[in-house]
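K.L.:
Need the 3D shape of this:
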Amino acid sequence: MRALTILSLFALLFPGALAQPPTLELVGSVGGLHSAVEPVGDLVYLGEGPHLVVFDVSDPDSPQVLNRVRLDGQIADMARVSDTLIVASEGAGVMEVDISDPLNPTLVGTTPTCGLAAAALAVSGEWAFVAGGFSHTAGQDFQVINLTTSVLITREVTADVYGLDVQGDFAYLGDTADGLVIFDVSDPSAPVRRGSYQTPGGPQFRALGVLASGELVYVADDTAGLEVVDVSDPDDPFHVVTLPLGDTVNSVTPMGVRLLLGTLQGMRVIDVSTPDQPQELGHWLPLHRSRDVVSMGDLALVALLDRGMQVVDISDEASPEARGVYEMPGVFTDLAVGVTTAHLGTWTSGLWVFDIADPENPSPLMNHPTAGTTMNLQREGDLLWVIERHDLTAYDVSNPISTETLGSVVVPTHFDFHVANGVACVVTGGPELFTYDISDPTSPEQVGFVHVTDLPPTQMGGHAVWTDGAIAYVGDGWGSDRGLTVFDISDPTSPEEVTFIDGVYGVQDILVEGPTAYVASPRLVTLDVSDPVSPSVIVSMSLSDFLQDQDLVGDRLVTAGRELWVLDVSDPSYPEVVVHTPLAGIGEAVQISGSLIHVVEMGGGYSIYRLSEPGRASLAGVLGALLGSDATQMWDDTNADGRIEAADLVTQLDEE
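P.N.:
Numbering: from 1, shown residues only. Purely as a prediction, here's the structure:
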């Protein structure tokens, strides 16, 4: 009865602890695609993934971050209406943010957009016009929202929409298939499609940005340059002139009789005082893609999609001059977490090191330039292995503010890699498996190669790999009937195919712990690999998600896709969801560190979550403190899923 007394005492001292559900709490986050910028008085608001970042740019040479507020989804566009900022978000809809206290923006309301991935926004009176693509429901690519009543009206366009402007009774849409499309919105509750003009555009897109001005519309037309279209007859718009720029034009913003163009290479200033003879006056071309540009007096504020925000002096329009810059990656690709630092790979800006000693405020410590996209990372103590475009590089990261290159070796274009016990495996889209001797990090070298399957290269197989140095598992990420292939690499100079497993497809990540393998794919699959020669599927479980990455500590498996999932895998034949939460972007990489879960979200930045399982942790701690390690072990053995089975626990303790 001693155990029953202790359990009763615990319940009295900690009422509700036994019943509290597990939670995933967002602790801190930073970064994400920079798609929109909006000046308000002396301040500037920048959309950074899911974050609304507030800047002071009174010193143009040193923009200062004053606050960072996390909203929902990924911010795509913004418009100010008095003391309210209307925000279009991919994944969340249209949000209303109170900025009456400019330093402390507050979300006050959200109107969902029925699955529309919002990309462009315009506001007129009490109506918000929003457009985008990838709608879950056909015919909802152009939506009109009454900001007072939250009434939603939808209309269909041909393809995705990235440009939108409203002037008078008409809405002008940049349709990536049809070009400029015009809707009559004189009655906003019943938009009517009128005419269209198919701009030349580029090889994939057209009309990425639009700006209405009187009887003309200026179109940012991808690689075609700047298009000027006469819309005096909304049923029959026609071409006026094209200004080719030898650049990809993403956005167009007014500045008196000038236009500011956001381009793939940076920013361009265009004179349209004579609209049928537009001329480029000057440019600032850092060779970084800008998604949005706005003017603020003699300054231009440039949202660099994957780099941050640049302040540019445009007092001399012929020679715009870069001033201060806020640097923050827009797309993180992978992460490797240490005790107080995290290394993050990026798409265009090298290897970054973040200070995570305070997980509520992850902050950049340093940026290490790399030869190209930093795709994959794996850390082993003070050694960090990184694949940078075509190189596998070893870094000494014992000093968190100094990343020292030890050695590197050329690798082919790859999808994934994994290192263990002095061997690195790299899988390509060939699909091939390459093996490397990395026992000496200063001199890694390729030692073996094997074709993975009989699939032709166009199948783009080989999306994931895991190895322990003797066995390698290679997953086909593209849905062939040979979803997982097993190789003997005990002699890494001569890797040999052992077998393959069907019934597993779309493999994005493989993780092996003891006799069990876990596969992240459109389903969560567990495999018995106690005999690598004849592995077998234990269970294939749907989470209604396309899982991208995973990590395992003890009996907790964390995996990510559109959501972050924590599962109890104490019984691999019956994985059980413990808790899950939506993410701002697709979860590309996850890693567990104690009670914290680190996540890289595609376009949504780097986020840190805290997993809390109150009942599990509290009772385990009390039992350990009062009854010793045997009781804690009983807890771990009988209650790995975090639920209280009091009768069983009492029986076992009393038997002791």
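K.L.:
The helix or strand where residue 364 lies - contacts with which helices or strands?
P.N.:
Assigned by DSSP states H and E, residue 364 falls within strand 363-368. Strand 363-368 is packed against strand 351-355, strand 402-410, with contacts defined by 3 or more C-beta pairs under 8 Å, 6 or more residues apart in numbering; DSSP states H and E. All C-beta spots, glycine's among them, are computed from the backbone N, C-alpha and C.
K.L.:
hey, least reliable of those by pLDDT?
P.N.:
Among the helices and strands packed on strand 363-368, strand 402-410 has the lowest mean pLDDT, at a mean of 92.
K.L.:
contacts for that strand?
P.N.:
343, 351, 353, 366, 368, 383-384, 390-397, 436, 440-446 (C-beta atoms under 8 Å, 6 or more residues apart in numbering).
K.L.:
mind redoing it with 10 Å?
P.N.:
Defining contact as C-beta atoms under 10 Å, 6 or more residues apart in numbering, one finds that strand 402-410 is touched by 343, 350-353, 365-368, 370-371, 383-388, 390-398, 424, 426, 434, 436-438, 440-446.
K.L.:
which of those are buried?
P.N.:
Buried subset of the contacts of strand 402-410 (neighbour count, 16 or more other C-beta atoms under 10 Å): 343, 350-353, 365, 368, 370, 383-388, 392-395, 397, 424, 426, 434, 436-438, 441, 444, 446.
K.L.:
Provide a list of residues in contact with residue 152.
P.N.:
93-94, 111-114, 116, 128, 130, 140, 143-146.
K.L.:
er, residue 71 actually
P.N.:
Applying C-beta under 10 Å, 6+ apart to residue 71 gives the contacts 47, 49-52, 87, 89, 92, 95, 97, 105, 107, 110, 584.
K.L.:
again, but for residue 519
P.N.:
464, 466, 473, 475, 483-484, 501, 504-512, 525-527, 537, 540, 547, 550.
K.L.:
Residue 400 - nearest residue in space that isn't next to it in sequence?
P.N.:
Once flanking residues are discounted, residue 400 sits nearest to residue 341: 4.4 Å by C-beta to C-beta, 6 or more residues apart in numbering.
K.L.:
so that neighbour bridges to which residues?
P.N.:
Legend: beta-bridge partners of residue 341 under DSSP bridges are residue 355.
K.L.:
Surely it is in contact with residue 355?
P.N.:
Yes: if you go by C-beta atoms under 10 Å, residue 341 and residue 355 touch, sitting 6.2 Å apart.
K.L.:
Find residues that contact each of those two.
P.N.:
Common neighbours of residue 341 and residue 355 (C-beta under 10 Å, 6+ apart) are 362, 365, 366, 400, 401.
K.L.:
Which of those sits closest to residue 577?
P.N.:
The shortest gap between residue 577 and any of these belongs to residue 362, at 27.2 Å (C-beta to C-beta).
K.L.:
Can you tell me which of the helices and strands packed on strand 363-368 is most buried?
P.N.:
Of all these, strand 351-355 carries the top mean neighbour count, a mean of 22, counting by mean count of other C-beta atoms under 10 Å.
K.L.:
And it, how far out from the chain middle?
P.N.:
Strand 351-355 sits 17 Å away from the centroid of its parent chain (C-alpha atoms, centre = their mean, to the nearest Å).
K.L.:
Ok, stretch 375-383 next?
P.N.:
21 Å.
K.L.:
Let me see the mean pLDDT of the strand holding residue 364.
P.N.:
pLDDT averaged over strand 363-368 gives 92.
K.L.:
Give me the angle between it and strand 402-410.
P.N.:
Strand 363-368 runs at 50 degrees relative to strand 402-410, counting by axes from the mean of the first three to the mean of the last three C-alpha atoms, to 10 degrees.
K.L.:
Point out where the protein drops to low pLDDT.
P.N.:
1-19, 134-140, 158, 453-462, 477-482, 615-656 (pLDDT under 70).
K.L.:
Let's see that with 50 instead.
P.N.:
Applying pLDDT under 50 to the chain flags the ranges 1-4, 135-139, 456, 458-460, 618-620, 623, 629, 631-656.
K.L.:
that older thread, can you check which of the helices and strands packed on strand 363-368 gets nearest to residue 596?
P.N.:
strand 351-355 (13.1 Å).
K.L.:
need the contact list for residue 51.
P.N.:
Here residue 51 is in contact with 29-32, 34, 67-71, 74-75, 328, 584, 604-605 (C-beta under 10 Å, 6+ apart).
K.L.:
which of the shared contacts of residue 341 and residue 355 lies closest to residue 613?
P.N.:
residue 362 (23.5 Å).
K.L.:
Next up, the contacts around residue 287.
P.N.:
Contacts of residue 287 by C-beta under 10 Å, 6+ apart are 264, 265, 266, 348.
K.L.:
Tabulate those (TSV), appending secondary structure, neighbour count and distance to residue 576.
P.N.:
Shown next, in TSV, are the contacts of residue 287 (DSSP: H, G, I helix; E, B strand; the rest coil; neighbours: other C-beta atoms under 10 Å; distance: C-beta to C-beta, whole Å):
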residue	secondary structure	neighbour count	distance to residue 576
264	coil	16	47
265	coil	19	51
266	coil	23	51
348	coil	18	40
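K.L.:
where exactly do the helices run in the stretch 501-650 of the chain?
P.N.:
614-627, 629-638, 646-655 (DSSP state H, counting those that start in this stretch).
K.L.:
Name the nearest residue to residue 434, sequence neighbours excluded.
P.N.:
Leaving aside its sequence neighbours, residue 434 sits nearest to residue 426 (C-beta to C-beta, 6+ apart; 4.5 Å).
K.L.:
Please identify which helix or strand holds that neighbour.
P.N.:
strand 423-428.
K.L.:
Point out the other helices and strands that the following helix or strand past that strand packs with.
P.N.:
Downstream of strand 423-428, the first helix or strand assigned by DSSP H and E is strand 432-437. Here strand 432-437 touches strand 402-410, strand 414-420, strand 423-428, strand 445-451, strand 464-467, strand 471-475, strand 484-488, going by 3 or more C-beta pairs under 10 Å, 6 or more residues apart in numbering; DSSP states H and E.
K.L.:
Dump those strands into a markdown table; add distance to residue 378 as well.
P.N.:
Output for the helices and strands packed on strand 432-437, formatted as a markdown table (distance: least, C-beta to C-beta, whole Å):
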| stretch | distance to residue 378 |
| --- | --- |
| strand 402-410 | 14 |
| strand 414-420 | 6 |
| strand 423-428 | 9 |
| strand 445-451 | 18 |
| strand 464-467 | 11 |
| strand 471-475 | 15 |
| strand 484-488 | 19 |
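K.L.:
Ok, which of the ones you listed comes nearest residue 21?
P.N.:
Per C-beta to C-beta, nearest to residue 21 of the helices and strands packed on strand 432-437: strand 464-467, 32.3 Å.
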